[in-house]
Structure formats: structure tokens, C-alpha cells
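Peer 1: Sequence and predicted structure below; questions after.
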Amino acid sequence: MDFDIEQLKKKIIYRSNYRGTREMDKLLGTFTKKYIDTLKDNDLKDLEKLLDKDDDCLYNFYKGLKTETIFELNKINKLFKNFKYNNE
């Protein structure tokens, strides 16, 4: 599959910053900004999959709360789960 990595990065940045809830906009936007330029192609695809999840599910996963959604064991989900967000 041939795709433009820079176009994918732009899409991911947009989707991470415009979620629907201000808290998730900030959390995912900050997370994406920190890691996007260090990720490989497969990691970017995994990040795109993570962004497909709804905000409640992502918040519960991030906080270690119960969620009905199964999250794959991959680098992106581990980075997100362990991400320290300082909202000051």
C-alpha cells in the first residue's frame, strides 16, 4: 500500500486535536505532538486506530478503568497508557 506519510501525520494531528471534548482534545493533542515525529509507519497506523476509539473508551483506558473495548498490545497503546499529561 502506497501512502503519503506527511498526509497521514496531518490527519492524525487534526483528529487528535478535534475530538469533541476539550479534555480529550488536550490529552490526545499533547500526546500526539510529543510523539508524532518519532513514530515509524506502523506506529502511525496504530495511532490512527487508537484515534478511532470513542472518547469515553479512551479516557477509561488511559485512567485504568474498565472498558468494553479491547486494546491491542502495541507500542502506541503502551505509550498512551503511560503518558503523563500535565494539564497546567
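Peer 2: Received the coordinates, thanks.
Peer 1: make it CA atoms for all contacts and neighbour counts henceforth
Peer 2: OK.
Peer 1: what about Arg22, how many neighbours?
Peer 2: Arg22 sits with 10 neighbouring residues when counted by other Cα atoms under 10 Å.
Peer 1: Same check on Phe61?
Peer 2: So Phe61, with other Cα under 10 Å, has 19 neighbours.
Peer 1: how far away is it from Asn86?
Peer 2: 17 Å (Cα to Cα, to the nearest Å).
Peer 1: what residue ranges in the protein score low on pLDDT?
Peer 2: Applying pLDDT under 70 to the chain flags residues 1-3, 87-88.
Peer 1: now the helices: where do they sit in it?
Peer 2: 5-17, 22-35, 41-51, 55-63, 75-82 (DSSP state H).
Peer 1: and the ones you listed as a markdown table, adding distance to Thr69?
Peer 2: Below are these laid out as a markdown table (distance: least, Cα to Cα, whole Å):
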| stretch | distance to Thr69 |
| --- | --- |
| helix 5-17 | 19 |
| helix 22-35 | 17 |
| helix 41-51 | 11 |
| helix 55-63 | 7 |
| helix 75-82 | 13 |
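Peer 1: To what extent is the closest residue to Ile36 other than its chain neighbours buried, counted in neighbours?
Peer 2: Leaving out its chain neighbours, the residue that sits closest to Ile36 by Cα to Cα, 6 or more residues apart in numbering is Lys9, at 7.1 Å. By other Cα under 10 Å, the residues close to Lys9 number 20.
Peer 1: got it, and Thr32?
Peer 2: 22.
Peer 1: Could you do Lys53 as well?
Peer 2: 13.
Peer 1: Give me the distance between it and Glu6.
Peer 2: Per Cα to Cα, Lys53 is found 22 Å from Glu6.
Peer 1: Kindly report the same for Lys84.
Peer 2: For Lys84, the distance to Glu6 - Cα to Cα - is 26 Å.
Peer 1: These two: who's more crowded?
Peer 2: With neighbours defined as other Cα under 10 Å, Lys84 and Glu6 compare such that Lys84 has more, 12 against 9.
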